[in-house]
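J.: Need a 3D model of the following:
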Amino acid sequence: MPPTPNCGLLVSAAVLATLTLPSAAFSQYRLPTITSVAKADSIHASAIDMARNYNRWRDAARLHRQSAALRPPEDSLGYRCLVKAAHLSYGKQDLMNAQSDMADAAAQALARGDVEKAALAYADAAWVANERKRQGEVLTLARQAEVLASSPLLSGKQRSGILGRFVHTGPELAAQASR
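T.: Numbering: from 1, shown residues only. Alright, predicted model coming up:
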């Protein structure tokens with residue numbers, strides 16, 4: 001018996017209905033994001049508690065790094081976690097992690113489009129690199145801050161605030177930043 005036009009229409013409708021249904025993969029994609037943000041928030045709260053109540057700054061810095069790593073680039077708390085980790089590391093004289101955390105905070109701010117915070121964080125990372133006597137890293141980080149400071153998205157006051165970070169670091173760093 002030859003196929004009727006209704007049979008072709010039914011097959012086409014079934015294929016179209018299958019293609020328009022939400023896929024299981026798409027609905028499962030959103031769950032890990034929610035779970036990772038909740039986990040990041042929990043880790044962040046533990047880091048704050050550890051630093052505030054137990055003075056375990058090194059462990060708190062590690063937890064802040066973990067919390068930031070679980071956050072998407074558009075989450076500004078990731079930036080704040082990395083800055084806090086840098087400050088805690090600096091307080092424990094762990095200058096290598098302090099510099100790394102501040103540079104990571106700058107990259108995270110830049111990923112969200114926050115040019116001012118990125119430039120300030122790069123300037124602070126350059127300052128720590130200078131304390132570590134890492135002149136090559138000082139030049140690289142200071143140059144990144146300077147390039148961002150010249151952005152037309154920033155006001156003159158913001159630009160001065162960024163470049164002013166280099167004034168108090170000694171004449172050699174201020175000269176390098178102005179090149």
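J.: wait, doesn't Q66 sit right on S46?
T.: No - the pair Q66 / S46 is not scored as a contact, 9.4 Å apart, by Cβ atoms under 8 Å. Using the backbone N, CA and C atoms, a C-beta is placed for each residue, glycine as well.
J.: Point out where this structure drops to low pLDDT.
T.: For the chain, the stretches with pLDDT under 70 are 1-34, 168-179.
J.: Residue nearest the middle of it, spatially speaking?
T.: In the chain, the residue lying closest to the centroid (Cα atoms, centre = their mean) is Q108, at 2.3 Å.
J.: which strands and helices sit next to the host helix or strand of that one?
T.: Under the criterion of DSSP states H and E, Q108 resides in helix 95-112. For helix 95-112, the packing partners by 3 or more Cβ pairs under 8 Å, 6 or more residues apart in numbering; DSSP states H and E come out as helix 57-69, helix 76-91, helix 115-131, helix 135-149.
J.: With just CA atoms, put the longest one into CSV.
T.: Which is helix 115-131. Coordinates of the C-alpha atoms in helix 115-131 are reproduced here as CSV (Å, rounded to 0.1, in the frame of the first residue of the first chain):
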residue,chain,number,x,y,z
VAL,A,115,39.0,48.4,34.5
GLU,A,116,39.6,50.5,37.6
LYS,A,117,39.7,47.5,40.0
ALA,A,118,41.9,45.5,37.6
ALA,A,119,44.4,48.4,37.3
LEU,A,120,44.5,48.9,41.1
ALA,A,121,45.1,45.2,41.6
TYR,A,122,47.8,45.0,39.0
ALA,A,123,49.5,48.0,40.7
ASP,A,124,49.3,46.3,44.1
ALA,A,125,50.7,43.1,42.6
ALA,A,126,53.6,45.2,41.2
TRP,A,127,54.2,46.6,44.6
VAL,A,128,54.4,43.1,46.1
ALA,A,129,56.7,42.0,43.3
ASN,A,130,58.9,44.9,44.1
GLU,A,131,59.1,43.8,47.7
